[in-house]
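A.B. asks: from the sequence below, what's the structure:
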Amino acid sequence: MSVTLTPAEIEALFLRSDETFLFARWGRPIVPVVFGVDDRTLGVIKGAIEAVVALAGHRMAGTDPELGANLMMFFFRDWQELPEVPGLDRLVPDLGPLVARLQEAEANQYRIFRFDEAGAIRACFVFLRMDEALGAVPAETLALSQIVQTILLWSDRAFMDRSALAELPDEGGVILRPEIAALIRAGYHPVLPGMSRDPSLALRLAARMAVQ
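C.D. replies: Take a look at the predicted model:
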């Protein structure tokens, strides 16, 4: 499998539906906390987080000085459970209207990012309503997919036509597509900015991928 992407393919992964380009990566160590899963699933999710963070060459920590935890993942059965989570309305403004919109759309997942003064990611909230579709996805696949989608600020259209993951035909599991793994590594190279709205960044990312 190819581990290269053209600059145009890279740009498309960060080109939003309003046709604006926006790239961002985490600017601080990632401190995860997961709600609503059993111990086995918790271990799977934390293993996926550690693997993707290591792939990026980024860092994890035991606590975030501002938020305590800055990557919060919520697993639940009904959107109406969210307003009952103590203090969540302080972390997610307009939580009530958001829940109403997601419920009306019958959405089963949603991600909210928060950014620091430089535009880098400082927090992410992941909400997963475990409907029949998500419930049928193996825990390892769901965990890896979600972490990949939080390690960078991808376009809202990224991975709609093709998943970031690839199946292992002989083993039945999944892996991160090599070209997406290479792009994540390139995105965390220290010479590149933590945030950019300049589409020419795709050229720099392609160049970094080429020398890995």
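A.B. asks: biggest helix in this structure, by residue count?
C.D. replies: helix 39-56 (DSSP state H).
A.B. asks: what's it packed up against?
C.D. replies: Helix 39-56 sits against strand 32-35, strand 71-76, helix 139-151, helix 178-187, with contacts defined as 3 or more Cβ pairs under 8 Å, 6 or more residues apart in numbering; DSSP states H and E. (Glycine included, C-beta is placed from N, CA and C.)
A.B. asks: export the ones you listed as CSV, with columns for distance to Gly62 and mean pLDDT.
C.D. replies: Formatted as CSV, the helices and strands packed on helix 39-56 follow (distance: least, Cβ to Cβ, whole Å; pLDDT from 0 to 100):
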stretch, distance to Gly62, mean pLDDT
strand 32-35, 11, 96
strand 71-76, 13, 97
helix 139-151, 18, 95
helix 178-187, 23, 97
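A.B. asks: can the ones you listed go into TSV with extra columns for distance to Phe125 and mean neighbour count?
C.D. replies: Below are the helices and strands packed on helix 39-56 laid out as TSV (distance: least, Cβ to Cβ, whole Å; neighbours: other Cβ atoms under 10 Å):
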stretch	distance to Phe125	mean neighbour count
strand 32-35	11	16
strand 71-76	5	21
helix 139-151	9	20
helix 178-187	20	20
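A.B. asks: as CSV, the ones you listed with distance to Gln212 would be great.
C.D. replies: Formatted as CSV, the helices and strands packed on helix 39-56 follow (distance: least, Cβ to Cβ, whole Å):
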stretch, distance to Gln212
strand 32-35, 26
strand 71-76, 25
helix 139-151, 16
helix 178-187, 6
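A.B. asks: many thanks, we can stop here.
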